[in-house]
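Participant: turn this into a model:
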Amino acid sequence: MEYLVHMEKDLVDSLDRYIQQEEDKLNRIKTFQSRIREVSQMAMEEPTRHLHHPVNAYLLVKRFTRDWPLLEAWIQEDTAEDFLYNMTKVKESFPSDEDYIGAGKALVRLQDTYDLSTQNIAKGKMGEIATATRPDTGFTKSPELLAEDCFELGRLAYVDQDYYHCALWMEESLARLQPDPMSDLTRDTILDYLAYASYQQNNIERAYQATKELLKINPEHTRAVNNMKFFEKEMEKSQNLVTPQKEDVEDTTVRGEYKRDLARDYLPEREIYELLCQADQPEMFNITPSRGKHLKCRYFTNNNHPRLLLAPQRLEQVFDKPKMWIFHNILTDPEMEVIKKIAQPRLRRATIQNSITGELEHASYRISKSAWLQGWEHKVIRRVNQRVEDVTGLTMETAEELQVVNYGMGGHYEPHFDFARKEEVNAFKELGTGNRIATMLFYMSDVEAGGATVFPQVGARLIPEKGAGAFWYNLFRSGEGDMLTRHAACPVLVGSKWVSNKWIHERGQEFRRKCGLSPED
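Facilitator: Now for the predicted structure:
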């Protein structure tokens, strides 16, 4: 999206030039008006006597044959031509309505995953919250949201029948509404949406309050009149609430309470997944000292591999079950820049493989852009493939191409397995290389906040570290899938996340990773 920032800067510059031209034109017209008004007022005192003077008669004729036509030409000047040309030239690159809806949903996703209030988001405090999780990165600032911005977010949720977020954002819009001659948004419009969303959230009291305030502003609002009768009856039925008298003055600044509908996007481990994304590890996953003593750092040569003897890798075991390792600085900055440069023009929305048909398709639980790079395209890609083989001891002959992924605003990938389970019989069938035995995940950028890789089954959490590579086995030596490797890419809260990965397959590993004596080896 960075190109949009530069595009908008160019449009603002073009708009500045247009405004300057319009102001110059208006100043010329004002000068003309002032001069002509002075002469006209003088002539109107005694028109006949005024025209007795030959110079006055000459100037009058001159004004009608030269000055007034010139003014007409000034007014007809199309100073907007250059600006409109620039707009037309770049309009094809504007985000689509689909992009706008996606951006709104991404903001709501961040709100849920990181337990952010609408107040903090609207105040632009997401960066400050981000600093709490990554104090080493600082934070990016953003302007506060206007009432119109909050209203549009609420309306997006309304269209999606997401009344929880609709109510939250309509409350925020109501709190931020200020008189604005440039805005068409009115208080009664917000209250209309708020009342309906509150009702759908079973908050009858708030729906009643919003409708009552709406009718004070617009007593002829037909739907509100009918709804008011219904809400009054519902309030009377309630054992805990008493219908307020019509003369009572109610505090409409108190926001309603709303409950998130977890069934909308059901995920069995959603609570743990979101806690891990928030850097809040549940106590049940705390690593005991006996387990922690096995988690060590060392210089790694993979049994004195020739290419690693002079340049050993900095290896850290970060988890024990399943075993996970981090290769620190396994990629250099120049290598990562080359990979990103090659991938960038080819990035397309990432797909997932349908477990039944085996076909690739888009899914709401994976939002990112990806591209696939082959070894023959550049020596850096060949070098990275070779390095993965050197440090893992596994052949790259049957591995998938290097996948490069960019997670932008709210980009995420909900809990999933890299390997195909038994019921996914068509997965990787066309490749003919067996299942995905292991994953090497390279982090090619630091992330200001969010974007962690989390393993909800075991409570593991990997923070993106530029240049590092995370490695784990997806399959036991027996070929059975390790269900503990189910993992997710948390949404990017602030910043942009670049990763690349090598999925390594079974075929060709028979003598490199031999079967063990235990099913769980």
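Participant: tell me where the stretch 301-450 of the chain has strands.
Facilitator: Here the stretch 301-450 of the chain has its strands, by DSSP state E, counting those that start in this stretch, at 313-320, 323-328, 348-349, 352-353, 360-361, 366-367, 369-373, 402-407, 412-416, 436-443, 449-450.
Participant: out of those strands, deepest packed?
Facilitator: Greatest average neighbour count among these goes to strand 449-450 (a mean of 26), per mean count of other CB atoms under 10 Å. C-betas here are computed from N, CA, C, even on glycine.
Participant: and the average pLDDT for that one is what?
Facilitator: Averaged over strand 449-450, pLDDT sits at 88.
Participant: which is the next helix or strand following that strand?
Facilitator: Per DSSP states H and E, strand 449-450 leads on to strand 453-455 as the next helix or strand towards the C-terminus.
Participant: packing partners for the biggest helix by length in the chain?
Facilitator: Criterion DSSP state H: the longest helix present in the chain is helix 2-45. The helices and strands touching helix 2-45, judged by 3 or more CB pairs under 8 Å, 6 or more residues apart in numbering; DSSP states H and E, are helix 47-52, helix 54-62, helix 68-76, helix 81-90.
Participant: what's the neighbour count on residue 173?
Facilitator: 28 (other CB atoms under 10 Å).
Participant: deepest-packed of the helices and strands packed on helix 2-45, please.
Facilitator: Buried most deeply of these, by mean count of other CB under 10 Å, is helix 81-90, with a mean of 13.
Participant: hmm, who's touching the next helix or strand after that helix?
Facilitator: Using DSSP H and E, the helix or strand that follows helix 81-90 towards the C-terminus is helix 97-113. Defining contact as CB atoms under 8 Å, 6 or more residues apart in numbering, one finds that helix 97-113 is touched by 95, 116, 118, 121, 126, 152-153, 156-157, 160, 162, 165, 260, 274, 277-278, 367, 409-412, 450, 490-491, 493.
Participant: buried among these? Make that a PyMOL selection.
Facilitator: A single PyMOL command selects the buried members of those (16 or more other CB atoms under 10 Å):
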select buried, resi 116+118+121+126+152+153+156+157+162+165+274+277+278+367+409+410+411+412+450+490+491+493
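Participant: now render the helices and strands packed on helix 2-45 as a markdown table, adding distance to residue 386.
Facilitator: Converted to a markdown table, these look like this (distance: least, CB to CB, whole Å):
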| stretch | distance to residue 386 |
| --- | --- |
| helix 47-52 | 96 |
| helix 54-62 | 86 |
| helix 68-76 | 69 |
| helix 81-90 | 42 |
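Participant: need the contact list for the residue nearest in space to the middle of the chain.
Facilitator: With distances taken as CA atoms, centre = their mean, residue 409 lies nearest the centre of the chain, 2.4 Å away. Residue 409 makes contacts with 1, 103, 106-107, 492, as judged by CB under 8 Å, 6+ apart.
Participant: with residue 478 instead?
Facilitator: Contact analysis of residue 478 by CB under 8 Å, 6+ apart lists 515-516, 519, 521.
Participant: flag the shaky bits of the stretch 101-250 of the chain, pLDDT-wise.
Facilitator: For the stretch 101-250 of the chain, the stretches with pLDDT under 70 are 127-141, 239-250.
Participant: again, 90 this time
Facilitator: Residue ranges of the stretch 101-250 of the chain with pLDDT under 90: 101-103, 105-106, 115, 120-121, 123-144, 179-184, 222, 227, 229-250.
Participant: which residues of it fall in helices?
Facilitator: 118-122, 126-133, 147-159, 163-176, 187-200, 204-217, 222-237 (DSSP state H, counting those that start in this stretch).
Participant: which strands or helices does the third one pack on?
Facilitator: It stands for helix 147-159. Secondary-structure packing of helix 147-159 (3+ CB pairs under 8 Å, 6+ apart): helix 97-113, helix 118-122, helix 163-176, helix 187-200.
Participant: go again with 7 Å.
Facilitator: Identification of packing neighbours for helix 147-159 by 3 or more CB pairs under 7 Å, 6 or more residues apart in numbering; DSSP states H and E yields helix 97-113, helix 163-176, helix 187-200.
Participant: cool, the fourth one as well?
Facilitator: On a contact count with 3+ CB pairs under 7 Å, 6+ apart, helix 163-176 meets helix 118-122, helix 147-159, helix 187-200.
Participant: just the CA atoms of the shortest one, as CSV, please.
Facilitator: I take that to be helix 118-122. Output in CSV follows, covering the C-alpha atoms of helix 118-122 (Å, rounded to 0.1, in the frame of the first residue of the first chain):
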residue,chain,number,x,y,z
THR,A,118,-13.1,1.6,20.0
GLN,A,119,-12.0,4.6,22.1
ASN,A,120,-8.3,3.7,21.9
ILE,A,121,-8.5,2.9,18.2
ALA,A,122,-10.4,6.2,17.5
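Participant: can you start the count at 12 instead of 1 from here on
Facilitator: From this message on, residue numbering opens at 12, which makes the last subject helix 129-133.
Participant: checking residue 510 next. Helix, strand or coil?
Facilitator: strand (DSSP: H, G, I helix; E, B strand; the rest coil).
Participant: and the pLDDT at it?
Facilitator: So residue 510 comes in at 96 (pLDDT).
Participant: quick one, what contacts it?
Facilitator: Taking CB atoms under 7 Å, 6 or more residues apart in numbering as the contact definition, residue 510 lies against 416, 452-455.
Participant: cutoff 8 Å now
Facilitator: The contact partners of residue 510, taken as CB under 8 Å, 6+ apart, are 415-416, 418, 452-455, 475, 500.
Participant: in CSV: those residues, plus distance to residue 469 and pLDDT.
Facilitator: Formatted as CSV, those follow (distance: CB to CB, whole Å; pLDDT from 0 to 100):
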residue, distance to residue 469, pLDDT
415, 27, 96
416, 23, 94
418, 23, 90
452, 16, 98
453, 22, 98
454, 20, 97
455, 25, 97
475, 19, 95
500, 16, 95
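Participant: residue 90 contacts residue 30, correct?
Facilitator: No - Residue 90 lies out of contact with residue 30 (CB atoms under 8 Å); the separation is 9.2 Å.
Participant: those two: which is more packed in?
Facilitator: Neighbour count, other CB under 10 Å: between residue 90 and residue 30, residue 90 has more, with 15 against 12.
Participant: just to be sure, the more buried one is in a strand?
Facilitator: No - assigned with three-state DSSP, residue 90 falls outside any strand and is coil.
Participant: give me phi/psi at it?
Facilitator: Main-chain torsions, residue 90, degrees, to the nearest 10: phi -70, psi -10.
Participant: if I look at it, how far off is residue 360?
Facilitator: Separation of residue 90 from residue 360 (CB to CB, to the nearest Å) stands at 41 Å.
Participant: where along the stretch 362-511 of the chain do the helices fall?
Facilitator: Remark: helices assigned in the stretch 362-511 of the chain by DSSP H, counting those that start in this stretch are 390-403.
Participant: shaky segments in it?
Facilitator: Where the stretch 362-511 of the chain drops to pLDDT under 90, the residues are 362-380, 419-424, 433-443, 459-461, 504-507.
Participant: the same query, at a cut-off of 70, please.
Facilitator: Residue ranges of the stretch 362-511 of the chain with pLDDT under 70: 362-377.
Participant: quick revisit: show the buried residues in the contacts of residue 420.
Facilitator: With burial judged by 16+ other CB under 10 Å, the buried subset of those is 114, 117-118, 503.
Participant: need those residues in a markdown table with distance to residue 183, can you?
Facilitator: Formatted as a markdown table, these follow (distance: CB to CB, whole Å):
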| residue | distance to residue 183 |
| --- | --- |
| 114 | 17 |
| 117 | 17 |
| 118 | 12 |
| 503 | 23 |
